[in-house]
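Engineer: Turn this into a model:
(one chain, ligands or ions: 2)
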Amino acid sequence: GPSGPKICCLGAGYVGGPTCAVIAFKCPDVQVTIVDLNADRIAAWNSDSLPIFEPGLDEIVKARRGKNLFFSADVDKGILEADLIFVSVNTPTKKTGVGAGFAADLAYVEAATRRIARVATSSKIVIEKSTVPCRTAESMRAILEANSSGDIRFDILSNPEFLAEGTAISDLMHPDRVLIGSLQTAEGRKAQLALADVYAGWVPREKIITMGLWSSELSKLAANALLAQRISSVNALSAICEATGADVDEVAYACGLDSRIGPKFLKASVGFGGSCFQKDILNLVYLSESLHLPEVAEYWRQVVSLNEYQKLRFSELVIRRLFNTITHKHIAVFGFAFKKNTGDTRESPAITLVKHFIQEQAFVHIYDPKVEQSQIEADLTHPDVGTLHQYKNYVTIHTCPYDASKAVDAIVVMTEWDEFQQLDYQRVYKNMNKPAFIFDGRLILDAKKLRGIGFQVEVIGRQA
Ligand code: NAD
Ligand code: UDX
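Structural biologist: Ligands and ions are numbered 1, 2, ... in the order given. Have a look, this model is predicted:
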């Protein structure tokens, strides 16, 4: 068997699964066990159809599963056997109580921490992989120390994850950096080195950076806030472009050539989605408010407000162009995932847009190449979105984009899936109601060509 350290990961989700699969793949000496309270999710990880879609994930899981990579619902056994334990559980925005709507719900992190304290019979290095507010490691330490027995010791590290969904495997294989925070004590540095040695199995040492715990925790929130802020900035410019005749793609290109700005994350869109950006910024807003820094809180809050405005602006554009009413009209929604190459729909802008369409009593025809029908139903019947009655009356899920766009008045592109660029739009046009509208919420279609076919094309950040 493997002779290196044993790793256990609590949480077999979008982060725990891919991250630990890559560790197992790159470090055959390390035994990796991923555990979860959700036995169905574990069963799926052990099956032929993994619970999440990520390009390249299947291959690496299948290469290492049963060798040095294990998925198990036996959380306690995983904890008992491990030297290093990743805590990669969910940290959603709190729904009720103090900080509701802003603060991170740390109940899962705390439950996982208490479980480690209760079960462990030997010393452990406990690693925060979840995104957590600044100083969470201190709470974890207090819980571990108050609940552990005898002479076992716990060292706590912060090791935030920077992968993006859709590119998780390549992000993990070739990270820009790996960040490890620890207490600046001899034991803290020793633990830091133990984790750095795992990553050094494939990441160049100079990319493994170390710092104090609080800087490391805050860096994760900061990185997401800065990335999301760029998108809200370019989306704010898109509104100016639409009003002036400037083209947001050209403006972003011109600005991105400045090496101080750089070209990435300047793509205007219907708005950012995903489980992280909004949650982490709201977390930063909450942190700022708790620290009595209202101006700082307001600054970051505006990144989220602008994103809400962008989604609203886009659904209003659809309604306005469709002669100010979409009641009982048919609208095809191309893409439901929050970005391409993932089946994840958390905070997807498509949910908000479809909600608006249904409230106007439009019939919505959804096509996404990767999102499960059951997921779309769950999202659209969530109490904040709509009822089962509305869903049954107004929503149809399609498995083919040509069927989805048959006899509709408009197509709304919500996700930048490559296949939307390759469709036979002559065929699509022929089967649509006229005038046939396309609203490109991702700036991926060739508007000129579509206009040549006869479409009315509306693009974010560009005048018609
Ligand atoms: P997820 O919901 O997909 O997975 C979390 C899993 O943890 C769930 O399967 C849940 O059943 C399990 N779990 C909860 N409590 C547990 C416990 N006590 N013991 C064992 N398992 C438990 O979440 P995710 O998207 O993987 O995110 C996890 C964390 O990583 C969050 O803090 C998130 O902010 C952060 N993060 C996410 C991403 C991303 O792209 N999704 C990127 C970077 C960081
Ligand atoms: C993000 C961070 O990128 C990642 O580092 C962190 O670990 C988790 O959060 P993720 O949410 O998975 O990753 O995807 P990302 O590529 O950042 O996209 C987030 C949203 O922003 C998507 O809806 C995407 O379509 C949108 N986006 C992204 C834009 O609208 N314009 C851009 O230029 C880039």
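Engineer: And F334, its phi and psi?
Structural biologist: The phi and psi values for F334, taken as degrees, to the nearest 10, are phi -90, psi 110.
Engineer: quick one, what contacts the closest residue to it other than its chain neighbours?
Structural biologist: Excluding its sequence neighbours, the residue lying closest to F334 (CB to CB, 6 or more residues apart in numbering) is V413, at 4.7 Å. All C-beta atoms are positioned from the backbone trio N, CA, C, and that covers glycine. If you count contacts by CB atoms under 8 Å, 6 or more residues apart in numbering, V413 has them with F334, G335, F420, I438, F439, D440, G441, R442, I444, L445.
Engineer: now those residues as CSV including neighbour count and distance to ligand 2?
Structural biologist: Converted to CSV, the contacts of V413 look like this (neighbours: other CB atoms under 10 Å; distance: CB to the nearest ligand atom, whole Å):
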residue, neighbour count, distance to ligand 2
F334, 30, 14
G335, 29, 10
F420, 22, 14
I438, 25, 19
F439, 26, 15
D440, 24, 13
G441, 29, 9
R442, 23, 8
I444, 19, 11
L445, 22, 16
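Engineer: Pick out whichever of the residues you listed sits closest to ligand 1.
Structural biologist: Ranked by distance to ligand 1 (CB to the nearest ligand atom), the contacts of V413 are led by G335 at 18.1 Å.
Engineer: what sits against that closest one?
Structural biologist: Contacts of G335 by CB under 8 Å, 6+ apart are A350, Y367, D368, V413, M414, T415, E416, W417, F420, R442.
Engineer: Show the model's pLDDT score for it.
Structural biologist: Looking at G335, its pLDDT reads 98.
Engineer: try A239
Structural biologist: 98.
Engineer: So L443 is in contact with A268, correct?
Structural biologist: Yes: between L443 and A268 there is a contact at 6.3 Å, judged by CB atoms under 8 Å.
Engineer: Can you pull the residues that touch both of the two?
Structural biologist: V248, D249, I460, G461.
Engineer: Leaving out the residues flanking it, which one is nearest to the first one?
Structural biologist: Counting by CB to CB, 6+ apart, G461 is the residue found nearest to V248 once chain neighbours are left out, at 2.8 Å.
Engineer: The one you found is in contact with A243, isn't it?
Structural biologist: No: contact criterion CB under 8 Å: G461 and A243 do not qualify, at 10.5 Å.
Engineer: the more surrounded of the two?
Structural biologist: Per other CB atoms under 10 Å, whichever of G461 and A243 has more neighbours is G461, with 24 against 9.
Engineer: Check which residues of the longest helix along the chain are buried.
Structural biologist: Ranked by number of residues, the top helix in the chain under DSSP state H is helix 213-244. Buried residues in helix 213-244, counted by 16 or more other CB atoms under 10 Å: 213, 216-221, 223-225, 227-239, 241-242.
Engineer: quick one: contacts for the residue nearest to V248?
Structural biologist: G461 touches L237, S238, A239, C241, E242, D247, V248, D249, A268, L443, counting by CB under 8 Å, 6+ apart.
Engineer: Can you give me the pLDDT of it?
Structural biologist: At G461, pLDDT is 97.
Engineer: just G1 next, same as before
Structural biologist: Per the predicted model, pLDDT is 67 at G1.
Engineer: Pull the contacting residues for E308.
Structural biologist: Counted by CB under 8 Å, 6+ apart, E308 has contacts G271.
Engineer: Correct me if wrong, but it is in a strand.
Structural biologist: No: going by DSSP: H, G, I helix; E, B strand; the rest coil, the assignment for E308 is helix, not a strand.
Engineer: Would you mind measuring from it to A252?
Structural biologist: Separation of E308 from A252 (CB to CB, to the nearest Å): 21 Å.
Engineer: go on, A337?
Structural biologist: 23 Å.
Engineer: Which residues of the protein lie near ligand 1?
Structural biologist: Proximity of the chain to ligand 1 (CB under 6 Å from any ligand atom) is limited to residues 10-16, 35-38, 41, 75, 88-91, 108, 111-112, 115, 130-131, 161, 163, 165, 275-276.
Engineer: could you flag which of these are buried?
Structural biologist: 10-16, 35-37, 41, 75, 88-91, 108, 112, 115, 130-131, 161, 163, 165, 275-276.
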